[in-house]
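Undergrad: I need the structure of the sequence given here:
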Amino acid sequence: MRIFSDFKEIKAAVGTEIGVSDWIEITQDRINKFADATCDEQWIHVDQERAKVEMPGGRTIAHGLLSLSLAPMFVRSVMGLKGLRNTLNYGADRIRYLAPVPAGSRVRGRVTIAEAEDVPPDGLRVNYHLVIEIEGGKKPACVAELIALHYR
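TA: Alright, predicted model coming up:
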């Protein structure tokens with residue numbers, strides 16, 4: 001975990017990879033709970049019997065948004081900021097889902113600080129480049145440009 005003392009240190013890290021998270025398993029239970037929470041119960045996510053017959057690889061796949069929803073955890077697991085009061089999700093500039101995440105797979109987040117700009121009076125807008133990798137996969141599950149506002 002990389003700990004930043006202040007906004008100046010974050011701005012100095014623009015263009016650098018700040019860390020890679022631990023692997024996290026995407027279980028069928030996690031997929032089912034996400035489906036329940038989002039009312040997206042499409043069979044490719046929740047019907048294991050049908051997936052065995054009709055899906056390449058014979059497994060259900062995670063929702064793309066489930067993978068993306070892990071972004072805050074990935075960022076928090078690789079960096080910290082002293083004196084931080086709070087952080088707000090400011091949105092995203094670009095999100096691409098490049099490969100499906102089969103149930104039982106493990107994913108991790110690779111985080112780079114792409115941009116950082118002061119937001120008066122006490123904030124910093126940071127653009128994070130996040131690559132969500134699938135263990136053993138040839139392509140990432142997701143590549144995203146995410147924006148956060150940090151306040152001290």
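Undergrad: where exactly do the helices run in the chain?
TA: 7-12, 28-38, 43-46, 48-54, 64-69, 71-78 (DSSP state H).
Undergrad: neighbours of Asn86, just the number please.
TA: Using other C-beta atoms under 10 Å, Asn86 is surrounded by 9 other residues. In this view, the C-beta of every residue, glycine as well, is placed from N, C-alpha and C.
Undergrad: quick one: closest of the helices of the chain to Asp122.
TA: Taking C-beta to C-beta, helix 7-12 is the member of the helices of the chain nearest to Asp122, at 9.2 Å.
Undergrad: among the helices of the chain, which is nearest Cys142?
TA: Closest to Cys142 of those is helix 64-69 (C-beta to C-beta; 5.0 Å).
Undergrad: can you list contacts of that closest one?
TA: Residues outside helix 64-69 that contact it (C-beta atoms under 8 Å, 6 or more residues apart in numbering): 26, 30-31, 34, 38, 40, 95, 97, 101, 107, 132, 141-142, 144.
Undergrad: buried stuff in that helix?
TA: Gly64, Leu66, Ser67, Leu68 (16 or more other C-beta atoms under 10 Å).
Undergrad: now stretch 32-47
TA: Asn32, Phe34, Ala35, His45, Val46.
Undergrad: go on, stretch 122-138?
TA: Gly123, Leu124, Val126, Asn127, Tyr128, His129, Leu130, Val131, Ile132, Glu133, Ile134, Gly137.
Undergrad: CSV please, covering these and showing pLDDT and distance to Ser77.
TA: Below are those laid out as CSV (pLDDT from 0 to 100; distance: C-beta to C-beta, whole Å):
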residue, pLDDT, distance to Ser77
Gly123, 97, 23
Leu124, 97, 20
Val126, 98, 16
Asn127, 98, 19
Tyr128, 98, 13
His129, 98, 16
Leu130, 98, 12
Val131, 98, 14
Ile132, 98, 13
Glu133, 98, 14
Ile134, 98, 17
Gly137, 97, 20
